[in-house]
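# sequence unavailable; structure follows:
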């Protein structure tokens, strides 16, 4: 995984990287998987199976995108119609130390719960389907025996009753955290305009939910994203152009969970954003001062990248981000991908590609829905297929 010349430096952070999400750290890296945004533009750069990325020590968190519908509860992944083994791949990735979340939402998630009570009922259903076994209420397990490490809310429309849904999920998570040896998380991925109108009820007010971290999308938003990061001459405030990491830091310190972490969300390649928003993609050298500035805030938790297919198609991108965020000052550069990503779009070898229990695999394939409409890639929508139960 590492070149021999940088093994010593890598040991400074590899132990942490293998531990998945670290709440007390500012060097976490999260990369969304499931939507194949690079493959939608160039089929030779299509995303690979989940397990092929998990041997990469740079990645701490992988949100699976997306649970795209509540009526019925369905998963929409892209180009994974032949992968009936995702549950076993999740387990394999978790054994390699990755924190695996299920992201709920995306741009095609356009109908929330019908009422507060319906929201709570849906949260129970989602928890029983993807959380620990034994909760009762549902025998339908799209990932078989696999238990995700938590849930992410990527709500990109002004939907009603999401706060009661999230509050109920939080209740399940807190109860499980108190009674088991496993830690579960609840995160959100708001847009950078503050307050994000699509997540306002979850983030603010009397119905706000205690989140463990937020992965703010600092792209596709010309008034506050990374394109408007200010001068770096050491004399001016980098936020003067509108880049509002400081605003999100202030929200974090006064939020329902004052220890919530804020991630800098960035696109992993030029085609990760809509053509009209290409200015919100920055090459790694342009991200150096933005990451350094963001790390100056006490709430900063790391970097989120959209998405895995983009990162693997963008040679050297993850290496550079890893060096900027994980390596202590003065340490040698670390090629976090090395041979596993040397070509820019090759996945790691992984260890979760073997077949799991036949019954669970059959159930997973029946339950994971590939929608024939177009699903969110946070700016680019990609074609999907359906697996109907």
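Yes, it's here. All of these numbers come straight from a predicted model, not from anything done at the bench.
# burial measure for the closest residue to residue 270 other than its chain neighbours, as a count.
Distance criterion CB to CB, 6 or more residues apart in numbering; nearest residue to residue 270, sequence neighbours excluded, is residue 281 at 5.0 Å. Yep, even glycine has a C-beta here, placed from its N, CA and C like the rest. Residue 281 has 24 neighbours, counted by other CB atoms under 10 Å.
# now the most centrally placed residue in the chain, which residues is it bridged with?
Central residue of the chain (CA atoms, centre = their mean): residue 63, 3.7 Å from the mean position. Legend: beta-bridge partners of residue 63 under DSSP bridges are residue 101.
# and the pLDDT for it?
Model confidence at residue 63, given as pLDDT, is 98.
# looking at it, it is touching residue 104, isn't it?
No. Counting by CB atoms under 8 Å, residue 63 does not reach residue 104; the two are 9.7 Å apart.
# give the buried residues for the longest helix seen in the chain.
Longest helix of the chain, by residue count under DSSP state H: helix 162-179. Neighbour-count burial for helix 162-179 flags 162, 163, 164, 165, 166, 167, 168, 169, 170, 172, 173, 176 (criterion: 16 or more other CB atoms under 10 Å).
# which ones are touching the closest residue to the fourth one other than its chain neighbours?
If I follow you right, that is residue 165. Among residues not flanking residue 165 along the chain, residue 119 sits closest, at 3.7 Å (CB to CB, 6+ apart). Contacts for residue 119 (CB atoms under 8 Å, 6 or more residues apart in numbering) come out as 112, 113, 161, 162, 163, 164, 165, 168.
# rewinding a little: of the buried residues of helix 162-179, which is the nearest to residue 275?
The shortest approach to residue 275 among these belongs to residue 162, at 29.8 Å (CB to CB).
# so how many other residues sit close to the closest residue to the closest one other than its chain neighbours?
Once flanking residues are discounted, residue 162 sits nearest to residue 112: 5.3 Å by CB to CB, 6+ apart. Number of residues near residue 112 (other CB under 10 Å) recorded here: 22.
# for residue 66, see how far away residue 112 is.
14 Å (CB to CB, to the nearest Å).
# can you check residue 92 too?
21 Å.
# same question for residue 285.
Going from residue 285 to residue 66 by CB to CB gives 32 Å.
# what about these two, which has more around it?
residue 66 (28 against 9).
# so the more buried one sits in a strand?
Yes. Judged by DSSP: H, G, I helix; E, B strand; the rest coil, residue 66 forms part of a strand.
# just to check, it is in contact with residue 109?
Yes. Using CB under 8 Å, residue 66 is in contact with residue 109, at 6.8 Å.
# adding pLDDT, write the contacts of residue 119 out as a markdown table.
A markdown table is the format used below for the contacts of residue 119 (pLDDT from 0 to 100):
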| residue | pLDDT |
| --- | --- |
| 112 | 97 |
| 113 | 97 |
| 161 | 97 |
| 162 | 98 |
| 163 | 98 |
| 164 | 98 |
| 165 | 98 |
| 168 | 98 |
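# which of those sits closest to residue 299?
For these, with residue 299 as the reference and CB to CB as the criterion, the closest is residue 163, at 21.6 Å.
# wouldn't that closest one be in contact with residue 208 here?
Yes. Residue 163 is in contact with residue 208 according to CB under 8 Å; the separation is 7.4 Å.
# list residues touching both of those two?
Taking CB under 8 Å, 6+ apart as the contact rule, residue 163 and residue 208 both touch 201, 202.
# okay, the closest residue to residue 307 other than its chain neighbours: pLDDT?
Leaving aside its chain neighbours, residue 307 sits nearest to residue 32 (4.3 Å; criterion: CB to CB, 6+ apart). In this prediction, residue 32 carries a pLDDT score of 98.
# distance of residue 32 from residue 256?
24 Å.
# what of residue 321?
30 Å.
# neighbour-wise, which of those two wins?
Between residue 321 and residue 256, counted using other CB under 10 Å, the more crowded position is residue 321 (25 against 17).
# residue contacts, the more buried one?
Taking CB under 8 Å, 6+ apart, one finds 29, 58, 284, 287, 291, 303, 305 in contact with residue 321.
# what do you get if the cut-off is 10 Å, keeping everything else the same?
Neighbouring residues of residue 321 by CB atoms under 10 Å, 6 or more residues apart in numbering: 29, 31, 58, 264, 266, 268, 284, 287-288, 291, 302-303, 305, 311, 336.
# top of those by number of neighbours, please.
Counting neighbours by other CB under 10 Å, residue 311 leads the contacts of residue 321 with 31 neighbours.
# what's the helix or strand for that one?
Using DSSP states H and E, residue 311 sits within helix 308-313.
# following that helix, which helix or strand comes up?
Per DSSP H and E, the helix or strand that comes after helix 308-313 is helix 317-326.
# average model confidence for that following helix?
96.
# that one: how far from the chain's middle?
Its chain's average C-alpha position is 17 Å from that of helix 317-326, according to CA atoms, centre = their mean, to the nearest Å.
# tell me which residues of that helix come out buried.
Neighbour counts over helix 317-326 (16+ other CB under 10 Å) mark 317, 318, 319, 320, 321, 322, 323, 324, 325, 326 as buried.
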